[in-house]
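Enquirer: Give me coordinates for this.
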Amino acid sequence: MGQDTRELGNRIKSFDSTLHLTRAMGLVASSKIRRATEGMIHAKEYMSAVDDTMKILTASPECAKSVYMTRGNRSGGRTKLIVIAGDRGLCGGYNANVFRMVREFPGAEIVPIGKRASDRYSDNEDGIYDSSEIYPFEKAKELADELCRDFNEGEYDRIGIVCNRYISIIAQEVKVSWILPLNRTESEISGRKAGIVWEPDEMSMIEAIVPEYVAAMIIAAVRESFACEVAARRMAMDNAKKNAEQMIDDLQLEYNRARQGAITQEITEIVAGSGD
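Expert: Numbers count the residues shown, from 1 in each chain. From the prediction side, this is the model:
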């Protein structure tokens, strides 16, 4: 019986340590949520502004001749994916859901962002990786220029981004966003092209703006993905905290029963011994 109480006491201490850890990580995640959400909103605003311009240009018959719109469009062609995952774990299915989605594109060439993606899709022997938490716009622009050059040279038929999309603080969803080739748009925004004068011409403008558009898509996806990561970690730590508290309560009850049983047994033995 004494062995049982010692074992239960050790298990309670173990879960108590886990509880302290999950509380601390939950607080850290909570402190990052506001900054991550603000970064996501600002990046989306920039992307939306660039996207409005792209919609006007892609609606132009002249721009339909651009290599960014004519190259690709072949199903099952050569695919390149920017895969954005977290730098750390302990965030529920955040990373696993991204990797599960990537498996739907066998043979795709991967550009990883985030430590977990780099560990999975590159050798990463030197330990250097692009952090999804502090990914700068300069990096996004450099990557966008490289992707546009490769696409222009016909190395890939389509280029996309795989990452989590923010629905709410308790819900995120993995999606694939295709950034190249561009699609022709016929929306209400295309009507704005009336009266717009492009210098030197529409074709030159789309060739110049596409790298900026791709960079905006990348940085917006990274910022949104990081917001999803900290939200998922907070929820995971909240759930882990509740589970640890429940386990401690259950073990404490079991410990009290075992201890009471041991005391009762000792009293019984003492009474029986005094009768002899």
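
Enquirer: and the closest residue in space to Val67 that isn't next to it in sequence, how many neighbours does it have?
Expert: Once flanking residues are discounted, Val67 sits nearest to Asn152: 5.6 Å by C-beta to C-beta, 6 or more residues apart in numbering. Every C-beta, even on glycine, is put in place using the N, C-alpha and C of the backbone. The local packing of Asn152 (other C-beta atoms under 10 Å) involves 15 other residues.

Enquirer: gap between Asn152 and Met101?
Expert: Distance, Asn152 to Met101, by C-beta to C-beta, to the nearest Å: 27 Å.

Enquirer: likewise Asp157?
Expert: 19 Å.

Enquirer: Likewise for Ala262?
Expert: 54 Å.

Enquirer: Looking at these two, which one has more neighbours?
Expert: Legend: neighbour count by other C-beta under 10 Å for Ala262 and Met101, higher for Met101 (17 against 14).

Enquirer: So that one, which state does it fall into?
Expert: What DSSP: H, G, I helix; E, B strand; the rest coil gives for Met101 is helix.

Enquirer: ditto for the one 10 residues further on
Expert: For Val111, the secondary structure call by three-state DSSP comes out as strand.

Enquirer: check contacts around the most centrally placed residue in the chain.
Expert: Nearest to the mean C-alpha position of the chain, counting by C-alpha atoms, centre = their mean, stands Ser225 at 3.8 Å. Residues in contact with Ser225 (C-beta atoms under 8 Å, 6 or more residues apart in numbering) are 84-86, 114, 132, 163-164.

Enquirer: hmm, 7 Å instead?
Expert: 84, 132, 163-164 (C-beta atoms under 7 Å, 6 or more residues apart in numbering).

Enquirer: Show me where the stretch 151-276 of the chain dips below the pLDDT cut-off.
Expert: Residues of the stretch 151-276 of the chain meeting the criterion pLDDT under 70: 186-195, 269, 271-276.

Enquirer: where does Gly89 land in three-state SS?
Expert: Here Gly89 is recorded as coil under three-state DSSP.

Enquirer: Tell me the spacing between it and Glu229.
Expert: For Gly89 relative to Glu229 (C-beta to C-beta), the value is 10 Å.

Enquirer: Correct me if wrong: Tyr94 contacts Val230.
Expert: No - the pair Tyr94 / Val230 is not scored as a contact, 9.7 Å apart, by C-beta atoms under 7 Å.

Enquirer: ok, which stretches of the stretch 51-200 of the chain are helices?
Expert: According to DSSP state H, counting those that start in this stretch, the stretch 51-200 of the chain carries its helices in the segments 67-70, 94-102, 115-121, 137-152.

Enquirer: Packing partners of the last one?
Expert: It stands for helix 137-152. Applying 3 or more C-beta pairs under 7 Å, 6 or more residues apart in numbering; DSSP states H and E, we find helix 137-152 packed against helix 202-275.

Enquirer: from the chain's centre, how far out does the helix it packs on sit?
Expert: Its chain's C-alpha centre and that of helix 202-275 lie 17 Å apart, by C-alpha atoms, centre = their mean, to the nearest Å.

Enquirer: Kindly report the same for stretch 102-120.
Expert: For stretch 102-120, the distance to the chain centre is 13 Å (C-alpha atoms, centre = their mean).

Enquirer: And for stretch 144-161?
Expert: 23 Å.

Enquirer: Stretch 56-70 too?
Expert: 32 Å.

Enquirer: List the buried residues of it.
Expert: 56-60, 63, 66-69 (16 or more other C-beta atoms under 10 Å).

Enquirer: now those residues in CSV, with pLDDT and distance to Arg35?
Expert: Output for the buried residues of stretch 56-70, formatted as CSV (pLDDT from 0 to 100; distance: C-beta to C-beta, whole Å):
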residue, pLDDT, distance to Arg35
Ile56, 86, 33
Leu57, 86, 34
Thr58, 85, 34
Ala59, 83, 37
Ser60, 81, 39
Cys63, 81, 38
Ser66, 86, 38
Val67, 86, 39
Tyr68, 88, 34
Met69, 84, 37
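
Enquirer: I appreciate the help and will end here.
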